[in-house]
Structures are given as structure tokens and as C-alpha cells.
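Enquirer: Next come a sequence and a model predicted from it.
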Amino acid sequence: MEYTEYIKILIALLAIVNPPGAIPVFLSLCGDRPEKEALSIARIAAISVGIVLLVAAWVGDPLLSFFGINIPSFRTGGGLLILLMAIAMMHAKQSGAKRSPEEEEADSQRSDVAVVPLAIPLMAGPGAISLVVIDSHRAMEPLDMLFLNICIVIIAFIVWITLRLAEPIGKRLGITGLNIATRIMGLLLSAIGVQMIAEGLKDLLPGLA
């Protein structure tokens, strides 16, 4: 892959993980907790996001082969999922593919919220996992896989910084600012989703090309 591809992967992952979109949930879940505990939750959530995406990068492709799922089918399905998430984000809503209202209410009562729901499925959800699996399949050389792993580590670091600064960011941007950021991320994701669907259908139905 070319270096421009690595930049596209990083931007796509950043858009779909959408750390600013997790700020309201993080603040609502950690509002009554001591600052030290909130910072610990931010660190654990970021580490969990990195671990989940790294596991997906290394295990996802063999797992698809084990179940007999080819990459064009997975790319088409993943693109459709990302497109649906993007549409929800452009309406400044959390996608139903990430978590339901019932899950949100139950999660708010748990003491350990760093892994669930913050890391999984809010940020490292089905869409992010699908994107990482597809990108890992495109990694033809060990260097490509190395750069993919570096991109994932960078995303985890950005998640940590964002959640660590969630309170000042939330106060500075406000609900309107966070919604605007979410809509911009959704716009980028919609283009990524459409491209993935088109590439998957082109392989599944060569006559369309």
C-alpha cells in the first residue's frame, strides 16, 4: 500500500471510532466519580479500544476464512453497516448498531464502564472492527501490517487524550459543537461506506463494472 493509503486508513478509523462522540457518554457515566477514577476509566477505555482493534487486525481475516466468508461479501456488508452508522451520525445520533437504549440504561448502572459501553461497542464497535478486518486483508506486506497496527495505536492514544480532556472539551464545544463534529465524521463515513459497498459489489457482480 502507498503512504496515502495509510493516511486514509487513519482518517477512516478516526471517523468511525469518533472519540468526540463518546464525550457526552463519558461525562454522563463519570460525572459523579472522583477525578482519579474518571482518568483511570479513560485510560482503560483507550487501551481496550486498541486491544480490540489489534485483535481484529490479526484474527479477523483467518476467522472469516474459517467460516467461509469471502472478503467481497464482508466488504459489502461492512460498508452497508458503516453507511447506516454514518446516516445516524449525520443526524447527531448514536447508531443503533452500537447500542440500544435498554443497553445504555443498564450500562449506566454498572461500576465498570471503561470496557462496556465506552470501548465496546461505543467506539470499537462492529463498524470499526469491520474496517480493520478489511484493511488487514489488503495488507500484502509485513510493512503494511505494521503501519496498520501503528494507526490503531495512534487512534487509541487519541481516544485517551480526548477522554482525559473530556470535561474542558465538552464545556468549550457544548452540545452544538459536539453534534457538528459528529456530523462531519458521519459525512466522511458515508463516503467510505459507499466506496466499500461499490468495491464489494464489483467483486461479487463483475458485470456491474
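Expert: Here it is on my side, so go on.
Enquirer: tell me which element Glu167 is part of?
Expert: In the assignment (DSSP states H and E), Glu167 maps to helix 166-204.
Enquirer: next SSE after the lowest-mean-pLDDT helix or strand in the chain?
Expert: For the chain, using mean pLDDT, DSSP states H and E, the weakest element among its helices and strands is helix 101-107, scoring a mean of 52. Beyond helix 101-107 in the direction of the C-terminus, DSSP H and E gives the next helix or strand as helix 126-138.
Enquirer: helices or strands next to that next one in the packing?
Expert: Counting contacts by 3 or more Cβ pairs under 8 Å, 6 or more residues apart in numbering; DSSP states H and E, the secondary-structure elements packed against helix 126-138 are helix 3-17, helix 35-66, helix 71-90, helix 142-164, helix 166-204. (C-beta placed from N, C-alpha, C; glycine too.)
Enquirer: Pull the residues that contact that helix.
Expert: Outside helix 126-138, the residues within contact range by Cβ atoms under 8 Å, 6 or more residues apart in numbering are 1, 5, 9, 12-13, 16-17, 52-53, 56-58, 60-61, 64, 71, 74-75, 77-78, 81-82, 85, 95, 97-98, 144-145, 148, 152, 189, 192, 196.
Enquirer: Just the CA trace of it, in PDB.
Expert: These are the backbone C-alpha positions of helix 126-138, laid out as PDB (Å, rounded to 0.1, in the frame of the first residue of the first chain):
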ATOM      1  CA  PRO A 126     -18.900  -3.500  14.600                       C
ATOM      2  CA  GLY A 127     -18.200  -0.800  12.100                       C
ATOM      3  CA  ALA A 128     -14.600  -0.200  13.300                       C
ATOM      4  CA  ILE A 129     -13.900  -3.900  13.600                       C
ATOM      5  CA  SER A 130     -15.200  -4.400  10.000                       C
ATOM      6  CA  LEU A 131     -13.000  -1.600   8.700                       C
ATOM      7  CA  VAL A 132      -9.900  -3.000  10.400                       C
ATOM      8  CA  VAL A 133     -10.600  -6.600   9.100                       C
ATOM      9  CA  ILE A 134     -10.900  -5.300   5.600                       C
ATOM     10  CA  ASP A 135      -7.700  -3.200   5.900                       C
ATOM     11  CA  SER A 136      -5.800  -6.100   7.300                       C
ATOM     12  CA  HIS A 137      -6.800  -8.200   4.300                       C
ATOM     13  CA  ARG A 138      -5.400  -5.500   2.000                       C
END
